[in-house]
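> give me the fold of what follows.
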Amino acid sequence: MKKLIKPLVILAVIGAIIAVVASYGMGIYRDFMKDYEGDHTYQGEDFTIEVPMGASAQSIGLLLKEQGVITYEKAFAKRVKDSQYNGKIKYGTYTITKGMTIDDMIALMSKGDDRETLKFTIPEGYSIEMMAEKLDSEGICSKEDFLAAVEATDYDYDFLDFSKAEGTKYYLQGFLFPATYEIFVGETAHDIVNRMLKAFDNYYTDEMREKAEELGMSNYEIVTIASIIEREAKLQEERPTISGVVYNRLNIDMKLQMCPTVLYPLTDGMYNVSQVLYDDLEMESPYNTYKYEGLPVGPICSPGAASLEAAVNPESHSYLFYHTDNEETGSHIFTETYEEHQSTR
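Numbering: from 1, shown residues only. You can find the predicted model right below:
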C-alpha cells in the first residue's frame with residue numbers, strides 16, 4: 001500500500017499542474033477572443049493615438065496595448081484582417097474616447113485624418129545639407145529651421161549614440177531615412193525630423209542589429225558603412241560586393257580610400273562636384289579615408305534599405321579594389337591585387 005502512495009502523489013501533482021496550465025491557457029484564450037471579438041467598450045481616460053505612415057495592424061494594436069485598451073496586439077491585427085477595414089487604416093492622429101469598442105476604433109482610424117497634407121520625397125544618398133535645400137525649395141520648411149531641428153538632442157531612439165557622433169558635422173547624419181513622406185500642414189521641422197527617425201527605426205530591424213553585433217560593429221558604424229555603399233554603388237547587385245571590399249580593407253588596417261568620403265567635406269555635403277583631384281586627397285578632414293585609416297568619423301549621407309542590408313550582409317570574397325567599368329550603368333570591375341586593379345583600368 002505504501003508503495004502506491006508515492007505514484008499517487010506524483011499523479012496528483014501532475015494532475016494539478018495540468019489543471020493550472022489548462023486554466024491559464026483558457027484564460028489566455030478568453031482574453032485573446034475578447035480582444036478579437038471587439039465588443040467590449042473602453043472605460044479609461046480619453047487619449048490620442050498617432051498612427052505612423054505604413055504602420056501594420058499589429059503595430060497599431062501594440063500602441064493600443066500600451067494604453068491598456070487591449071491585451072493582445074495579434075488579436076487586434078486578426079480583427080482588422082477579418083473586417084471590412086482590412087488594409088484601409090490610414091495614418092494620422094486619433095482621439096480614443098470612453099465607451100468606444102474595438103470596432104469603433106478601427107472604423108475611426110479607417111476614415112483618416114482630414115487635415116491638409118504636404119508630400120515630399122528624400123532620395124537615397126541625400127545628406128542633411130541636401131535635404132535642407134530640398135525642403136526649403138519645396139516650401140516644406142525653411143533650411144534654417146531644418147538644420148536647427150537636426151541639432152536638437154531630444155530625440156529618444158536607442159540606435160542613436162551621441163558619444164559615437166563626436167566630431168561629426170551632424171550627429172543625425174545617416175539616420176534620416178530616405179523615403180516619400182506625407183505630413184500635415186503645420187508640422188514643424190522637428191516633427192519632420194522625428195518622422196524620418198521613426199522611419200529609420202522601422203527599417204533598421206532587430207535582425208540587422210543582431211547581425212551588426214555579430215560583425216563587431218555598432219549601429220553607428222553600420223550606418224557609416226551603409227552611407228559609403230550608398231554613394232559608391234549604382235547597381236543593386238554590387239552593394240554587397242562593395243560592402244565586402246569595405247570590410248576586407250578594415251580587417252587588414254588598409255585605408256578605405258573611398259572618394260565620397262572626400263567629396264562630402266569638399267562640397268560641404270552637397271555632392272555637386274563629381275571628380276576628386278589628387279590635391280583633394282590630402283584634405284584635412286576626419287571624413288577623409290584617403291588621409292586616415294578606418295571608417296570616417298560618421299555617415300556621409302542617408303543610406304536606403306538596400307545599403308543598410310548590404311552593410312550587415314557583406315559578400316564574402318577577396319577583393320580589395322574596384323573601379324568604374326561603365327560610366328552609364330555605374331558597374332564596377334573588382335580585383336584582388338593592386339596590379340590587377342591597374343591592369344584593368
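
> list the contacts for the closest residue in space to Glu232 that isn't next to it in sequence?
The spatially closest residue to Glu232, leaving aside those adjacent along the chain, is Ile242, at 5.3 Å (Cβ to Cβ, 6 or more residues apart in numbering). Using the backbone N, CA and C atoms, a C-beta is placed for each residue, glycine as well. Ile242 makes contacts with Ile228, Ile229, Glu232, Ala233, Ala310, Tyr322, His332, as judged by Cβ atoms under 8 Å, 6 or more residues apart in numbering.

> any chance of the residues you listed in CSV, with distance to Met105, neighbour count and secondary structure too?
Shown next, in CSV, are the contacts of Ile242 (distance: Cβ to Cβ, whole Å; neighbours: other Cβ atoms under 10 Å; DSSP: H, G, I helix; E, B strand; the rest coil):
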residue, distance to Met105, neighbour count, secondary structure
Ile228, 44, 28, helix
Ile229, 42, 28, helix
Glu232, 46, 23, helix
Ala233, 44, 23, coil
Ala310, 40, 25, helix
Tyr322, 53, 18, strand
His332, 52, 21, strand
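
> looking at these, spot the one nearest Glu166.
Of all the contacts of Ile242, Ile228 has the smallest distance to Glu166: 19.5 Å, by Cβ to Cβ.

> what sits up against stretch 325-342?
Residues beyond stretch 325-342 that count as contacts (Cβ under 8 Å, 6+ apart) turn out to be 233-235, 238, 241-242, 245, 317-324, 344.

> residues of it that come out buried?
Taking 16 or more other Cβ atoms under 10 Å as the neighbour-count basis, stretch 325-342 is seen to contain the buried residues His332, Phe334, Thr335, His341.

> pLDDT (mean, whole number) over that stretch?
The pLDDT scores in stretch 325-342 average 91.

> again with stretch 117-130
95.

> neighbours of Ile70, how many?
Neighbour count of Ile70, defined by other Cβ atoms under 10 Å: 26.

> tell me the SS of it?
The local conformation at Ile70, judged by DSSP: H, G, I helix; E, B strand; the rest coil, is coil.

> please name the nearest non-neighbouring residue to it.
The shortest distance from Ile70 to any non-neighbouring residue, by Cβ to Cβ, 6+ apart, is to Asp35 (4.6 Å).

> hang on, the earlier thing: the residue nearest to Glu232 belongs to a helix?
Yes. Under the criterion used here (three-state DSSP), Ile242 sits inside a helix.

> so it versus Thr101, what's the distance?
Relative to Thr101, Ile242 is positioned 53 Å away (criterion: Cβ to Cβ, to the nearest Å).

> with Asp201 instead?
31 Å.

> picking up where we left off before, from Met217, how far off is the residue nearest to Glu232?
As judged by Cβ to Cβ, Ile242 and Met217 stand 16 Å apart.

> and what of Glu340?
For Glu340, the distance to Met217 under the criterion Cβ to Cβ works out to 28 Å.

> low-confidence bits of the stretch 1-150 of the chain, can you list those?
Applying pLDDT under 70 to the stretch 1-150 of the chain picks out residues 1-34, 38.

> please enumerate the helices of it.
Assigned by DSSP state H, counting those that start in this stretch, the helices in the stretch 1-150 of the chain fall at 2-37, 57-66, 73-81, 102-111, 128-137, 143-151.

> give me the most central residue, the protein.
Centroid-nearest residue in the chain, with Cα atoms, centre = their mean: Phe200, separated by 2.6 Å.

> let me see the backbone angles for it.
phi -60, psi -40 (degrees, to the nearest 10).

> domains of this structure?
Structural domains annotated on the chain: 13-111, 117-203, 206-343, as defined by automatic domain parsing.

> what about the second one, how long is it end to end?
It stands for domain 117-203. By Cα to Cα, to the nearest Å, the extent of domain 117-203 from end to end equals 23 Å.

> next up, the contacts around the residue nearest to the centre of the chain.
Phe200 makes contact with Tyr157, Phe159, Phe175, Leu176, Phe177 under the criterion Cβ under 8 Å, 6+ apart.

> out of the residues you listed, who has the most neighbours?
Top of the contacts of Phe200 by neighbour number is Phe175, holding 28 neighbours under the definition other Cβ under 10 Å.

> just checking, that one touches Gly298?
No. When contacts are counted by Cβ atoms under 8 Å, Phe175 is not listed as touching Gly298 (10.1 Å).
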